[in-house]
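J.: 3D model of this:
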Amino acid sequence: MRGTMVLLVAAVVASSALAFTPLARPSTRSVNSRSAVLMKTQPPKAPLKVKLKASYCGRGAAALVALASNAKVATAASYSAKATAFSLLGKTASDLFLPFSQLSMLSWIALILLPRWKFAVNLALVAPVVNAVLYTAVLQHMIRFPVKGIEMSFSSLEAIMPFFTIKDGVLAGWLHYCVFDPLVGLGIFMDARKNKIPHLMVIPCYLTTMLAGPAGFLSYLLLRTCWLATRPKETYHIRRLQNQAQKGL
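T.: Next up is the predicted model:
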């Protein structure tokens, strides 16, 4: 009996000791290592306020670009509304653009397809002369009826740009090309004939001049230089006799 009582007392004491013993806590090192791993695996997210500000800035920049483009269109429309339109026989600049542009093809047809025709030079001069007359008429009209807000100034690129916001100004600039590009081609034609450069070699220069005038002019200068460099040199006496014979004819 006493033995059983002793065992009961021992069990009660052991259970009370276990109940009052504190639990084991993890070390600070392990906690810090775990937090560092979590910080590496999960990148910090941007605050909501920063995202909102960035979106507002992007929308604001797009709105400013749209306002600037609309302002340019509005200024061009206002210039066109203020301008007194040029007309020829009831035709405005929009109506005159295509037929006078196609007229320039006469010059290129004469220079490229009719090089041996005796009236090729005369035919090539028709379009530049007609376009020059129309160009002078348009320019005179624009000087007589200036547009408010546009000044005839060539001091800077910004000063020239408003001039091309009206149809008459664009037509005058285009006629400028339609006059001088065929004239450059005619100069190439006459010089090539004088230096006896084969016509087939000059045709690419004509086409380049028709599409991009200065580039075609440079291409012919390169061709001319190479041709004269490889051509046998003639004496001064032979050239003089040839010139005298041509003048006598």
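
J.: any idea of the mean pLDDT in the helix or strand residue 219 falls within?
T.: When elements are assigned from DSSP states H and E, residue 219 belongs to helix 213-230. Mean per-residue pLDDT for helix 213-230: 95.

J.: in that helix, what's buried?
T.: 213, 216, 217, 219, 220, 223, 224, 227 (16 or more other CB atoms under 10 Å). Bear in mind the C-beta positions are built from the backbone N, C-alpha and C, glycine included.

J.: again, but for stretch 202-215
T.: So, applying 16+ other CB under 10 Å, buried residues of stretch 202-215: 202, 205, 206, 208, 209, 210, 213.

J.: which residues in the chain form helices?
T.: 2-20, 28-41, 48-82, 93-103, 105-113, 120-144, 157-160, 167-194, 199-211, 213-230, 236-248 (DSSP state H).

J.: follow-up on the earlier one: so which of the buried residues of stretch 202-215 comes closest to residue 126?
T.: Among these, residue 210 lies closest to residue 126 (CB to CB), at 16.0 Å.

J.: just give the nearest non-adjacent residue to that closest one, would you?
T.: Excluding the flanking residues, the one nearest residue 210 by CB to CB, 6 or more residues apart in numbering is residue 108, at 5.4 Å.

J.: could you tell me which residues make contact with the one you found?
T.: By CB atoms under 8 Å, 6 or more residues apart in numbering, residue 108 lies in contact with 182, 185, 206, 210.

J.: can you lay out these as JSON lines showing distance to residue 117?
T.: Output for the contacts of residue 108, formatted as JSON lines (distance: CB to CB, whole Å):
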{"residue": "182", "distance to residue 117": "16"}
{"residue": "185", "distance to residue 117": "15"}
{"residue": "206", "distance to residue 117": "15"}
{"residue": "210", "distance to residue 117": "19"}
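
J.: just flag the most distant two among these.
T.: Farthest pair in those, by CB to CB: 182 and 206, 10.0 Å.

J.: which residues are in contact with each of those two?
T.: 108, 111.

J.: contacts only, for residue 130.
T.: For residue 130, the contacting residues are 100, 103, by CB under 8 Å, 6+ apart.

J.: please report the distance of it from residue 158.
T.: 33 Å (CB to CB, to the nearest Å).

J.: where in the chain is pLDDT low?
T.: 1-83, 232-239, 248-249 (pLDDT under 70).

J.: just the CA coordinates for stretch 202-210, please, in CSV.
T.: What follows is stretch 202-210, C-alpha atoms only, in CSV (Å, rounded to 0.1, in the frame of the first residue of the first chain):
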residue,chain,number,x,y,z
VAL,A,202,23.7,58.3,-118.9
ILE,A,203,20.1,56.9,-118.6
PRO,A,204,20.5,55.9,-114.9
CYS,A,205,21.7,59.5,-114.2
TYR,A,206,18.5,60.8,-115.9
LEU,A,207,16.2,58.6,-113.8
THR,A,208,18.0,59.5,-110.6
THR,A,209,17.8,63.2,-111.5
MET,A,210,14.1,62.9,-112.1
